[in-house]
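K.L.:
model the following, please.
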Amino acid sequence: MSSRLITAVLAGTLILAACGSDDSSDATDTTPAPADAPADSDGAATPAAEADPVDAGSAIVGVASTDLGDVLVDADGLTLYGFTPDVGAVPTCFDACAQAWPPIVIDSAELPAGLDPAVFSVVERPGEGFQLAAGEWPLYLFAGDAAPGDVNGQGSGGNWFVAAPDGSLIGA
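P.N.:
Here you go, the predicted model:
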């Protein structure tokens, strides 16, 4: 068994333990991704253009192919997830949970340019600004995903599922 796999399993165990927390504040701000970019041959999102990662005027998600099918990804091609306890698009993952599952935080309540308002929206992240959502689900990364195409968070705790391009959650 490779040391990378062992490390991933250990990290996943620690992260799952943290996900039961409903504490508030301490969310990790993640860098938004480029727009609805096609996937390259490695399954990573291919940016349409180099965009300032903090510019909310830039589209901030892409689509890539994974073992689970086409999914939403960030600028680095990392898979985006939804958390089923986030009922009504209200984020509930904070503190230790948000360290394991960093939210896709944006700097304004305005939907970033290039994103389809039929799929995407911006929701308030209580006390922390705004978070991008797809369908009914605020979006998050998973700290256990190290490379484009990783879907290590899929089904985690029975609550975390990969976000599909239409805003649904795959396997939820």
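K.L.:
pull out the buried positions in stretch 131-138.
P.N.:
For stretch 131-138, burial by neighbour count (16 or more other CB atoms under 10 Å) applies to 131-138. Every C-beta, even on glycine, is put in place using the N, C-alpha and C of the backbone.
K.L.:
show me where the chain has helices.
P.N.:
3-18, 96-100 (DSSP state H).
K.L.:
looking at these, which one has the lowest mean pLDDT?
P.N.:
Of all the helices of the chain, helix 3-18 carries the lowest average pLDDT, namely a mean of 38.
K.L.:
next up, phi/psi of residue 104, please.
P.N.:
phi -90, psi 90 (degrees, to the nearest 10).
K.L.:
count of residues packed around it?
P.N.:
The tally of other residues near residue 104 (other CB atoms under 10 Å) stands at 26.
K.L.:
just the one 3 residues further on next, same as before
P.N.:
Residue neighbour count, defined by other CB under 10 Å, stands at 13 for residue 107.
K.L.:
could you do residue 119 as well?
P.N.:
Neighbourhood size, residue 119 [other CB under 10 Å]: 18.
K.L.:
returning to that earlier point: so which of the buried residues of stretch 131-138 sit within strands?
P.N.:
Judged by DSSP state E, the subset of the buried residues of stretch 131-138 located in strands is 131-134, 137-138.
K.L.:
and which of those is nearest residue 113?
P.N.:
Looking at those and their distance to residue 113, the nearest is residue 132, at 12.8 Å (CB to CB).
K.L.:
so who does the closest residue to the closest one other than its chain neighbours touch?
P.N.:
In space, and not counting its chain neighbours, residue 132 is closest to residue 104: 4.4 Å by CB to CB, 6 or more residues apart in numbering. Contacts for residue 104 were tallied using CB atoms under 8 Å, 6 or more residues apart in numbering; they are 30, 32, 60-61, 74, 80, 131-132, 138-141.
K.L.:
mind checking how far residue 104 is from residue 163?
P.N.:
Distance, residue 104 to residue 163, using CB to CB, to the nearest Å: 10 Å.
K.L.:
need the overlap of contacts for these two.
P.N.:
80, 139.
K.L.:
quick check: residue 161 touching residue 151?
P.N.:
No. Using CB atoms under 8 Å, residue 161 is not in contact with residue 151; the gap is 9.7 Å.
K.L.:
lowest average confidence, helix or strand, in the protein?
P.N.:
When each helix and strand of the chain is scored by mean pLDDT, DSSP states H and E, helix 3-18 comes last, with a mean of 38.
K.L.:
thought residue 76 was touching residue 148?
P.N.:
Yes. Using CB under 8 Å, residue 76 is in contact with residue 148, at 6.8 Å.
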